[in-house]
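[1] Quick one, fold the following:
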Amino acid sequence: MFTLLCVFSLLVASLQAVPVEEFGSLDVTPMDVQVHLVEDAPEVVAPKIVNGQQATRGQFPYQAALYLDGSSFCGGSLISTTFVLTAAHCAQSISRFTVYLGAQALSASESGRVIVTSTSKIVHASYNPSTIANDIALIRLPSAVSLSSFIQTITLPGRSLTSNTFAGSSVTVSGWGRTSDTSGVSNQLNYVGLTVITNSVCSSYFGSIIISSTICADGSNRQGSCNGDSGGPMVVTSGGQRIQIGIVSFGSSRGCTAGYPTAYARVTSFLDWISSNAGISIKLCNSAVPVEEVGRLDVTPMDVSVPLVEGAPEVVAPKIVNGQQATRGQFPYQAAVYLDSSSFCGGSLISTTFVLTAAHCAQSVSRFTVYLGAQALSASESGRVIVTSTSKIVHASYNPSTIANDIALIRLPSAVSLSSFIQTIALPGRSLSSNSFAGSTVTVSGWGRTATSTSVSNQLNYVDLTVITNSACSSFFGSYILASTICADGSNRQGSCNGDSGGPMVVTSGGQRIQIGVVSFGSGLGLHSWIPNSIRPCLQSFAGTG
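    Take a look at the predicted model:
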C-alpha cells in the first residue's frame, strides 16, 4: 500500500479519497474527491507496492475504514472510544461517514467488526485546500465503541516529543488504498514499512508546500501509500509502544509508484487541537470506581469525577498480566475504602487510628466506610473490621488540575485492634528522603478493576512493578511529574487500574515492608489500550510518601 501520493503536475495533491466500487458493502455512485496538484516530478512506475504486505486480522486494531457519503473512501485511526482521526481533505465536504472498525477484509463478513455511521466532524479551522496545510480532522462517533482484540485505540505522542522530527525513524503506514495507480481500493488491509526523511529533503521535491507541521516518508524504493489511504495513520514503534505521528495527506502527482516522498500531517504539531476538540488527555487511570458487584452496600453506582491530565500515551492492559490474587492476611495493611457508599478506593493502615489514601479519593467525600483485614469483599470473613469515618485531612496544597500533593488521611473514630489480618505498614525514615528507589521492585495491591470493562474485583490482587526514574516518567507525562511523584514501569502490561487509587506502593528492604507511594494517576486516552504483539507502557504514578 502506498503512502498518500498522487500529485499531478506542478502541484502536490492531497492523497485522494477513492470511489467505493468493488466492495459491494454500500450502494453508491463511485467518485473521487478532487485534490490539488503539486509540483511535477520524474515518473518512476512500479506495478504494485514493493515490499508492502497484507495485514493479518487484528494486526492494526486502531485502523479505521471510512466511506464518505457512501461514495468515496479514506482511512483513519481510532484515538479514543469516541473519536476517529483522519485528514481534513477527506472530511471537509462530507456530511455522512460510515466507519468500519476491527475490519481486515472489507467485503467479507467478519466477527467482531463494528460499523458506525456518523454525521459529526471537526475539520481544522485553518485547513487550506490549496496548500494542504493543517490537513487534519476528527470524526465524532455517536457513542463510545467497545474495545476488543480487533478494536483498540492508538497512542498519540506526548508533548515531550513535539521537538522530535523522527527523521531516520522506521514507520508503518496501513490502509486499504490502491496498490497501484491503475487498481481500485484494496479489499484487504495492507501495510508498508517506510523511513522518515527530513523536511529539508522533502522540500527539494515539493517546495514551500512542506511546512513544519508536515512529516515525510521516503518513497525511493517505490513504497508508500496511494489514493484511498488518505487520513490513515503513520505509526512509529518506540520502547514496544506504537505511537501515531502522522496522518496520510499528499504525494506526487506523477503517481503512487513514482518514487517520490509521501507527506503526512505531523501529529505532534496538532496535539493542542486534538486535545481541545476531542477531550483527549491523561486521566487519573486509577480513579475511584462504582460499588456494584461486591454486594456489601446498597448504593447507586457512580464514579468519582477525577481531573484529566494532558495528552500522554493512552495505555493500559486489559488485565494485570502476571498479577496474582492475594491470600488472606498477605497484605494486612491494605484498606478498602467505600466513598459515600457509592465509589471505591484503596488505602493503607499507617497507625491504629489513620488510613493513608489519595486526595482525589477523599476531597469531595463526606463519609468513608473502611474495611480492614479483608480479602474477598463480598464474603463473610472472620477477623474483618468495618469502620465508618467522617473525618478526613486532605493535603492543603492538593491541586486537582495538576494532581500535585495527591495525599490524604482518614481518621478512624477509635483505635483498631491489630491482628494477624490487620497490621500497620511502616513508612520510610527520613534517611530515605533522598532515595529515588529507581530500579527497585515494588508491590502494589488493591481491589481495582482488572480490565476497563470490568467492575471492582471482589478479590484482593497484587502486582510487582519496577520503579523508574522521574526523568523517564516525565517523557510520558511532562510537567505533571514532580519531585514528590514516584513512577512504576508498566511496559509488561502490569499496573493498577480504576479502584486502586489511594492504595499502597510497597518496597521490601531488609525484610521490612515500607510504603513509598500512594496510587495517584496513570496514562489514559482510556484504560483499554492493549494491542497484541505491541505492548504499550502503562505507567502508574504515585504520590510519594518519602
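
[2] use CA for all of it now, contacts and neighbours both
    Will do.

[3] show me where pLDDT drops low in the stretch 51-200 of the chain?
    51-52, 177-186 (pLDDT under 70).

[4] So if we follow the domain assignment, how does this structure break up?
    13-278, 283-544 (automatic domain parsing).

[5] as a whole number, average confidence for the last one?
    Along domain 283-544, the predicted confidence averages to a pLDDT of 71.

[6] Helices along the stretch 101-250 of the chain, start to end?
    Ranges of helices in the stretch 101-250 of the chain, per DSSP state H, counting those that start in this stretch, are 199-206.

[7] same thing with the stretch 251-400 of the chain?
    Using DSSP H, counting those that start in this stretch, helices in the stretch 251-400 of the chain cover 271-278, 359-362.

[8] ok so, going back, dump the domains of the chain into JSON lines; add mean neighbour count as well.
    Shown next, in JSON lines, are those (neighbours: other CA atoms under 10 Å):
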{"stretch": "domain 13-278", "mean neighbour count": "22"}
{"stretch": "domain 283-544", "mean neighbour count": "21"}
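
[9] rewinding a little: which of the helices of the stretch 251-400 of the chain sits closest to Ser77?
    helix 271-278 (13.0 Å; CA to CA).

[10] That closest one packs against which elements?
    Judged by 3 or more CA pairs under 8 Å, 6 or more residues apart in numbering; DSSP states H and E, helix 271-278 has no packing partners among the helices and strands.

[11] re the thing from before, would you mind saying which of the helices of the stretch 251-400 of the chain lies nearest Ser72?
    With respect to Ser72, and counting by CA to CA, the nearest of the helices of the stretch 251-400 of the chain is helix 271-278 at 24.6 Å.

[12] State the mean pLDDT of that closest one.
    The average of the pLDDT scores along helix 271-278 is 89.

[13] Just the CA trace of it, in CSV.
    Provided in CSV are the C-alpha atoms of helix 271-278 (Å, rounded to 0.1, in the frame of the first residue of the first chain):
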residue,chain,number,x,y,z
LEU,A,271,-1.7,18.0,20.0
ASP,A,272,-3.4,21.1,21.4
TRP,A,273,-6.0,21.0,18.7
ILE,A,274,-6.7,17.3,19.2
SER,A,275,-6.8,17.7,23.0
SER,A,276,-9.2,20.7,22.9
ASN,A,277,-11.5,19.2,20.3
ALA,A,278,-11.5,15.5,21.3
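
[14] show me the contacts for Ser120.
    95-96, 139-141 (CA atoms under 8 Å, 6 or more residues apart in numbering).

[15] what about the closest residue to Ile468 other than its chain neighbours, distance to Cys473?
    Nearest non-adjacent residue to Ile468, counting by CA to CA, 6 or more residues apart in numbering: Ala438, 4.9 Å away. Ala438 is 11 Å from Cys473, where distance means CA to CA, to the nearest Å.

[16] Excluding sequence neighbours, find me the nearest residue to Val123.
    In space, Val123 is closest to Ala137, 4.3 Å off (CA to CA, 6+ apart).

[17] whoops, Ser391 was the one
    Per CA to CA, 6+ apart, closest to Ser391 is Arg411, 5.3 Å.

[18] The one you found reaches Leu356, doesn't it?
    No - the criterion here is CA atoms under 8 Å, and Arg411 misses it with Leu356 at 9.0 Å.

[19] OK, contacts around Thr172?
    191-194, 234-236.

[20] distance of it from Ile407?
    Thr172 is 42 Å from Ile407, by CA to CA.

[21] How about Ile350?
    For Ile350, the distance to Ile407 - CA to CA - is 13 Å.

[22] Also Ser146?
    Taking CA to CA, one finds Ser146 at 33 Å from Ile407.

[23] again with Ala55
    Applying CA to CA to Ala55 and Ile407 gives a distance of 47 Å.

[24] and if you look at Tyr462?
    For Tyr462, the distance to Ile407 - CA to CA - is 21 Å.

[25] Could you identify the helix or strand that succeeds the one helix or strand Tyr67 maps to?
    Element membership for Tyr67 (DSSP states H and E) is strand 63-68. Using DSSP H and E, the helix or strand that follows strand 63-68 in sequence is strand 72-78.

[26] which ones are touching Phe421?
    Phe421 neighbours (CA under 8 Å, 6+ apart): 328-332, 372-374, 383-384.

[27] Cross those residues against strands and list the overlap.
    Leu372 (DSSP state E).

[28] out of the contacts of Phe421, who's nearest Tyr398?
    Distance to Tyr398 across the contacts of Phe421 (CA to CA) is lowest for Leu372, with 26.1 Å.
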